[in-house]
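[1] Here's a sequence, model it:
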Amino acid sequence: MKRGSLILCSALYAGLSGLAYAQTSPAENAAADAVAPQPEMQVQAPVQDAASPVLPKPHIGLQVPRLAIRWDCKEECTVNEKVAPLIEKGYADAAMKQGYAVSDSETAEMVITDYRQRPPGVRVMFGFLAGRDRLGVRIVYHAQERKAEDYYANSWLGMNSLCESVAQKSYSEIVTIVKAEQAKPAAAN
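    Take a look at the predicted model:
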């Protein structure tokens, strides 16, 4: 029992001293390393920056079309120039996370058919009592039409998050079309 406790305490001490080492400046680390005995062989694992997650590289040939976004929601909405770039970014990020590249040559038409944004101050003050932020799109790709839409009624998520959500749903709809088209030639053989 004592031996197990000794091993556990040693492991905890090593973990805590490593944490303290990580929280010091590089100059302090260099000074501590000069005094501390060095093991004969040190293997350092590559350090990953928390701000840059490791994303899979696109597979060769796996591509989704780029989006050609336009507005068509009649008199019901006012055009917000920030929405289209937010959707494009969310779409590209979703594709990259799944290993797809966004094509430079092929396009899918995306039409914004429903849009409503609460004023941010009203959204924060009144939350769901202020109504909902809405975003709906129609996607046309290779003569197939799909829809993606979402809404938020809470006070802490605004249009940026809503654009990302609709972009991810749009990506999923387009990938189902792409996979269905890739399966057709295989089924014919």
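[2] residue boundaries of the helices in the chain?
    For the chain, the helices defined by DSSP state H cover 2-22, 26-35, 83-97, 120-126, 159-188.
[3] residue contacts, Ser103?
    The neighbourhood of Ser103, defined by CB atoms under 8 Å, 6 or more residues apart in numbering, consists of 63-66. For glycine as for every other residue, the C-beta is placed from the backbone atoms N, C-alpha and C.
[4] hmm, 10 Å instead?
    By CB atoms under 10 Å, 6 or more residues apart in numbering, the residues touching Ser103 are 63-66, 95.
[5] so where is this protein shaky, pLDDT-wise?
    Applying pLDDT under 70 to the chain flags residues 1-61, 185-189.
[6] pull the longest strand from it.
    If each strand of the chain is counted by residues according to DSSP state E, the longest one is strand 101-116.
[7] Buried residues of it, list them for me.
    Of the residues in strand 101-116, those scored as buried under the neighbour-count criterion (16 or more other CB atoms under 10 Å) are 101-102, 108, 110-116.
[8] Nearest to Trp71, out of those residues: which one, please.
    Among the buried residues of strand 101-116, Ile112 lies closest to Trp71 (CB to CB), at 4.9 Å.
[9] ok, the closest residue to that closest one other than its chain neighbours - contacts?
    Ranked by CB to CB, 6 or more residues apart in numbering and with sequence neighbours excluded, the top spatial neighbour of Ile112 is Trp71, at 4.9 Å. For Trp71, the contacting residues are 77-81, 83-84, 111-113, 115, taking CB under 10 Å, 6+ apart as the criterion.
[10] again with Met125
    For Met125, the contact set (CB under 10 Å, 6+ apart) comprises 119, 155.
[11] one step back: switch the buried residues of strand 101-116 over to a markdown table; also include distance to Gly90.
    Output for the buried residues of strand 101-116, formatted as a markdown table (distance: CB to CB, whole Å):
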| residue | distance to Gly90 |
| --- | --- |
| Ala101 | 16 |
| Val102 | 12 |
| Ala108 | 14 |
| Met110 | 12 |
| Val111 | 17 |
| Ile112 | 14 |
| Thr113 | 18 |
| Asp114 | 17 |
| Tyr115 | 15 |
| Arg116 | 19 |
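[12] now, which of these sits nearest Ser155?
    Nearest to Ser155, judged by CB to CB, of the buried residues of strand 101-116 is Arg116 at 15.7 Å.
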